[in-house]
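J.: mind folding the following:
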Amino acid sequence: MPACHKPNVGSKPKKDMDPILVLPFSENMVVNELEKKFPKKDGYSILIPSTRQQKGFDLVVFNKKTNKCLTIQIKGSRTYNPTLPKRKSKKEKFKNYTWFNKFSIQKGLADYYILFGLFITNPTNEIESKRIKQTDWYDHILLVFSENEMIRFLGGLKQKREDKSDTSFSFGFNDKKRVIQTRGSREPIDFSDKIFSNRITDLKDKLK
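T.: The predicted model follows:
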């Protein structure tokens, strides 16, 4: 007969025995931002698939007042902090650069794509470490593309010096107000209109 274990008679069940769904950091931060702009009191819910093998989207924004929802796919990138040149150059330099690999899209699975970039707020250590709070040394930026916008963007990626499709793309920025494409196009392109704060109205309109 298989061995069995005696229960701990009289012992109290642990309170934290509920199953826990672990999210990647990028998805967790996106959920936090969405919950701020799409609160429960206004009828919104952020839904997460029960399996990490879910294809096509990572989360769903649902409006129970209208029964409408948006599926969202999240792509994450860390950022790079190059040393800024001492001499002025015609080419604009930025404090932060993201780096994404080109990815394929299966049309019809995600309504929106969010590009997540994590960056260090104080890369030069200008502030004494003792004065920096645990959550003050990093921040993130979100770029929101509709499915059609993402398809057009990925399809238009070009290398700067050759007439070939680029396999990677990146964005440069100094703050969360202005974002410029720095790789994947012949010339720098302003994508500030895709910043999360500038897309809230569009997202809410789709849920009405």
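J.: for this structure, give me the ranges with low pLDDT.
T.: With pLDDT under 70 as the threshold, the chain has low-confidence stretches at 1-21, 83-89, 122-136.
J.: show me where it has strands.
T.: Taking DSSP state E to define them, one finds strands in the chain at 44-47, 59-63, 68-80, 96-98, 100-101, 112-120, 138-146, 168-173, 180-183, 189-190.
J.: buried deepest among these, which one?
T.: Highest mean neighbour count among the strands of the chain (mean count of other Cβ atoms under 10 Å): strand 96-98, with a mean of 23. C-beta: built from backbone N, CA, C; applies to glycine.
J.: can you tell me how far Asp202 is from Ile195?
T.: Look at Asp202 and Ile195: by Cβ to Cβ, to the nearest Å, they are 12 Å apart.
J.: nearest to Arg161, out of the strands of the chain?
T.: strand 180-183 (11.9 Å; Cβ to Cβ).
J.: got a list of contacts for the closest one?
T.: The contact list for strand 180-183, computed with Cβ atoms under 8 Å, 6 or more residues apart in numbering, reads 92, 94, 97, 99, 160, 166, 168-173, 188-191.
J.: and those residues, which is closest to Tyr138?
T.: Closest to Tyr138, out of all of the contacts of strand 180-183 and judged by Cβ to Cβ, is Phe173, at 14.6 Å.
J.: wait, that closest one sits on Lys93?
T.: No: with contacts counted by Cβ atoms under 8 Å, Phe173 stays clear of Lys93, the gap being 11.2 Å.
J.: start to end distance for stretch 38-46?
T.: Stretch 38-46 has an end-to-end distance of 8 Å (criterion: Cα to Cα, to the nearest Å).
J.: same deal with stretch 107-118?
T.: Note: stretch 107-118 ends 27 Å apart using Cα to Cα.
J.: that one: how far from the chain's middle?
T.: Put simply, stretch 107-118 sits 8 Å off its chain's centre (Cα atoms, centre = their mean, to the nearest Å).
J.: could you do stretch 50-65 as well?
T.: Taking Cα atoms, centre = their mean, one finds stretch 50-65 lying 15 Å from the centre of the chain it belongs to.
J.: let's see it as PDB, backbone CA atoms only.
T.: The C-alpha coordinates for stretch 50-65 follow below in PDB (Å, rounded to 0.1, in the frame of the first residue of the first chain):
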ATOM      1  CA  SER A  50      -5.300  31.300 -16.200                       C
ATOM      2  CA  THR A  51      -2.500  29.800 -18.300                       C
ATOM      3  CA  ARG A  52       0.800  31.300 -19.400                       C
ATOM      4  CA  GLN A  53       0.500  29.300 -22.600                       C
ATOM      5  CA  GLN A  54      -2.400  31.600 -23.800                       C
ATOM      6  CA  LYS A  55      -1.600  32.600 -27.400                       C
ATOM      7  CA  GLY A  56      -2.300  36.000 -28.900                       C
ATOM      8  CA  PHE A  57      -3.000  38.200 -25.800                       C
ATOM      9  CA  ASP A  58      -1.800  38.600 -22.200                       C
ATOM     10  CA  LEU A  59      -4.800  40.300 -20.600                       C
ATOM     11  CA  VAL A  60      -8.300  41.600 -21.300                       C
ATOM     12  CA  VAL A  61      -9.900  44.900 -20.300                       C
ATOM     13  CA  PHE A  62     -13.700  44.400 -19.800                       C
ATOM     14  CA  ASN A  63     -16.500  46.900 -19.400                       C
ATOM     15  CA  LYS A  64     -19.400  45.200 -17.600                       C
ATOM     16  CA  LYS A  65     -21.700  48.200 -18.400                       C
END
